[in-house]
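> here is a sequence together with a model predicted from it:
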Amino acid sequence: MTFLPTFALAQPVVSSIEGTIADGQELKIFGNGFGEFGGRIISWDDFEDQTIGETVHGNKSKIGAGWTTQYGYVGDAIVFDNTRAISGSNAVKIDWSKEPDSNIKAFGWSGQRPISNIYISYWRFMEGEYSQADADNHKQFYLFGSNSDFPQFMPLIQAGGWHWYTYNNVGSTRASGLGERNSEGWGWGNTNKEFQRWEWHVELNSPIDAYNGTVRGWMDGVLGFNFDDYRARSVDGTFDDFRLGHMARGMTDTAKAWFDDVYTATTPARIEICAVSIWEECGKTKVLQIPQPEKWSDNSVTVTIRDSGRFAGQGGFLYVVDSDGNVSSPYSLGPGAAPKPPTLEID
């Protein structure tokens, strides 16, 4: 397994913090090189305020754009659920087996153009009887665009495939001519039946005929997609809609997925707390702290602490990620138990 650094020379520096590390408490982070927030939060929700069993479509998120489903679906195959979760007790459950004749089930937001730079983070637990021999096809999410639904971007296991790829639903995507398969051997067999944190940072190519867009994709903190010659768009448009869950073709009788702590923004700028002093080894212990864009400046950032049960005291290490994806050196939060990885249930 190869770990690749995600920071450049312009590394943010954390010098001190002020506040209490407990849920709902503000923590002020001081230092330099934080830059500007550089975008907006599109949506954020840990689903703890949602009603169990209620359809996802039409409900508000904690921050930003409210939740809708693809095609306005309001049935019981996409609901708030407390069977599995990462933070708290609630998540979104998608159950294709409730309507096995329908292979598309997804939730997210729409009408958020223009988006040419997007960071996406979510925890995902997926199960189902995927069959490569039967040419099953699964897509984790779709980004649709503002020009007749293009540009598009998706992570998927292609029909009859085994490994995770990315695709623009048009054709030629990389100037190098190399494939879009991840570098870490991620496939169906090692990305199901456990909660895993997936993160994506996608920047559209410009102009539309250039192979200069970027794609970064992480699973449990490991960088597996790392492209700088990507052509996600071939028409004049930007991203507009986000649909998480999307397709489980060929395995709808058994496919189910849970999603928690779903965060999308037009910048990767954020705060993370994890168990170790090496960013690339944080793994499942990373806990996203939602930034306050209006309280983000070059030398100070303010967050409201969440999910502190994972910290069990003032322990672990804090990191500031700036709008270019540069990561600060670790700032120790002091003695005590560090963030713990989530409890995993495997049926």
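Done, it's in.
> residues touching Tyr319, list them.
Tyr319 makes contact with 14, 271-274, 279, 327-328, 330-331, according to CB atoms under 8 Å, 6 or more residues apart in numbering. In this view, the C-beta of every residue, glycine as well, is placed from N, C-alpha and C.
> so how far is Ala275 from it?
12 Å (CB to CB, to the nearest Å).
> for Ile115, the count of nearby residues, please.
22 (other CB atoms under 10 Å).
> neighbours around the closest residue to Asp253 other than its chain neighbours, how many?
Nearest non-adjacent residue to Asp253, counting by CB to CB, 6 or more residues apart in numbering: Pro100, 4.8 Å away. By the criterion of other CB under 10 Å, Pro100 has 14 neighbours.
> Pro100 in helix, strand or coil?
With DSSP: H, G, I helix; E, B strand; the rest coil as the basis, Pro100 sits in coil.
> wait, doesn't it sit right on Met251?
No - taking contacts as CB atoms under 8 Å, Pro100 lies outside contact range of Met251: 9.2 Å.
> ok, the closest residue to Ser148 other than its chain neighbours to Val79 distance?
Take Ser148 and drop its neighbours on the chain: the residue closest to it by CB to CB, 6+ apart is Val235, 7.4 Å away. Computed as CB to CB, the Val235 to Val79 distance reads 35 Å.
> I figured Val320 hits Gly35, correct?
No - if you go by CB under 8 Å, Val320 and Gly35 don't touch, sitting 9.7 Å apart.
> look at these two and report which has more neighbours.
Val320 (27 against 18).
> in the sheet, who's paired with that one?
Per DSSP bridges, the residues bridged to Val320 are Ile271.
> keeping just the C-alphas, turn stretch 309-329 into PDB.
The C-alpha trace of stretch 309-329 is given here as PDB (Å, rounded to 0.1, in the frame of the first residue of the first chain):
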ATOM      1  CA  GLY A 309     -16.900  10.900  21.700                       C
ATOM      2  CA  ARG A 310     -14.300   9.600  19.300                       C
ATOM      3  CA  PHE A 311     -11.700  11.600  21.100                       C
ATOM      4  CA  ALA A 312     -12.400  10.400  24.700                       C
ATOM      5  CA  GLY A 313     -10.600  13.400  26.100                       C
ATOM      6  CA  GLN A 314      -8.200  16.000  24.800                       C
ATOM      7  CA  GLY A 315      -6.000  13.700  22.700                       C
ATOM      8  CA  GLY A 316      -5.000  13.100  19.200                       C
ATOM      9  CA  PHE A 317      -3.800  15.500  16.600                       C
ATOM     10  CA  LEU A 318      -5.400  18.400  14.700                       C
ATOM     11  CA  TYR A 319      -4.800  19.300  11.100                       C
ATOM     12  CA  VAL A 320      -5.700  22.300   9.000                       C
ATOM     13  CA  VAL A 321      -6.300  21.600   5.300                       C
ATOM     14  CA  ASP A 322      -6.300  24.700   3.100                       C
ATOM     15  CA  SER A 323      -8.200  25.500  -0.100                       C
ATOM     16  CA  ASP A 324      -5.400  24.000  -2.200                       C
ATOM     17  CA  GLY A 325      -5.400  20.800  -0.300                       C
ATOM     18  CA  ASN A 326      -2.200  21.500   1.600                       C
ATOM     19  CA  VAL A 327      -2.200  19.900   5.000                       C
ATOM     20  CA  SER A 328      -0.600  21.400   8.100                       C
ATOM     21  CA  SER A 329       1.900  19.600  10.300                       C
END
